[in-house]
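Trainee: Predicted model and sequence follow; I will ask about them next.
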Amino acid sequence: MIDVDDLVQRVAVRAAADNEDLPAPVGAARIAEAEARLGFALHPLLARLYREVADGGFGPDYRLLPLLGPGSSVVGEYLARREESVSADHPQWPEGVVPILTWGCAMYAGVDCRGEDGQVLLFEPNPYSGGSWARCWFLDSAGIAAWLETWLAGTGWFDEDACDRDDVAEPQPWDQAASRLSRGASR
């Protein structure tokens with residue numbers, strides 16, 4: 001079992017080492033504002049990262065988005081994608097999955113705030129060819145803690161040297177995608 005306090009501390013150390021202009025962490029009021037706008041609570045570990053490490057600007061490759069604010073943010077991206085999904089015949093974005101970073105090319109990493117472990121999902125729209133968006137959703141990690149561990153260890157598929165190794169776990173199709181997308185269409 002992962003010691004979450006230790007994990008948050010190690011993430012904070014790595015974040016500070018990787019980015020000398022790291023944004024300040026957000027306070028409890030900003031977390032509450034974000035959750036009120038989202039309509040649900042952030043996954044507890046995700047909330048701690050924003051509260052104790054920084055308001056984004058750390059993590060793999062393109063780094064975590066800021067929680068709120070002008071431009072691209074966790075709350076802004078989620079609300080925009082959900083608004084599009086609610087009125088669509090084929091919803092693209094499930095309820096409760098907040099985008100935390102962009103990989104570029106319209107790809108996102110998202111955290112499922114409805115699950116206890118906070119699964120980290122990959123949204124990769126390139127396979128879309130009409131109809132359901134379910135084939136565009138992949139399980140990157142069973143939980144945000146494990147995902148952060150792969151980043152810290154340099155063992156994630158997104159690591160620069162991953163293609164040179166045989167032991168890297170590739171994201172697999174998310175088996176809940178179809179049901180979660182159909183459930184979230186009406187709200």
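Mentor: That came through, no problem.

Trainee: In contact with the residue nearest to Arg114 when sequence neighbours are not counted, which residues?
Mentor: Sequence neighbours aside, Gly96 is the residue nearest to Arg114 in space, at 3.8 Å (criterion: Cβ to Cβ, 6 or more residues apart in numbering). Bear in mind the C-beta positions are built from the backbone N, C-alpha and C, glycine included. Taking Cβ atoms under 8 Å, 6 or more residues apart in numbering as the criterion, Gly96 is in contact with Phe40, Asp112, Cys113, Arg114, Gly184.

Trainee: tell me the two of the residues you listed that are most distant?
Mentor: Cys113 and Gly184 (12.7 Å; Cβ to Cβ).

Trainee: In terms of neighbours, single out the busier of these two.
Mentor: Cys113 (22 against 18; other Cβ atoms under 10 Å).

Trainee: Could you verify my assumption that that one touches Leu45?
Mentor: No - judged on Cβ atoms under 8 Å, Cys113 makes no contact with Leu45 at a distance of 10.3 Å.

Trainee: gap between the residue nearest to Arg114 and Glu160?
Mentor: Gly96 is 31 Å from Glu160, where distance means Cβ to Cβ, to the nearest Å.

Trainee: Redo the contacts of Gly96 as a markdown table? Include secondary structure.
Mentor: Formatted as a markdown table, the contacts of Gly96 follow (DSSP: H, G, I helix; E, B strand; the rest coil):
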| residue | secondary structure |
| --- | --- |
| Phe40 | coil |
| Asp112 | strand |
| Cys113 | coil |
| Arg114 | coil |
| Gly184 | helix |
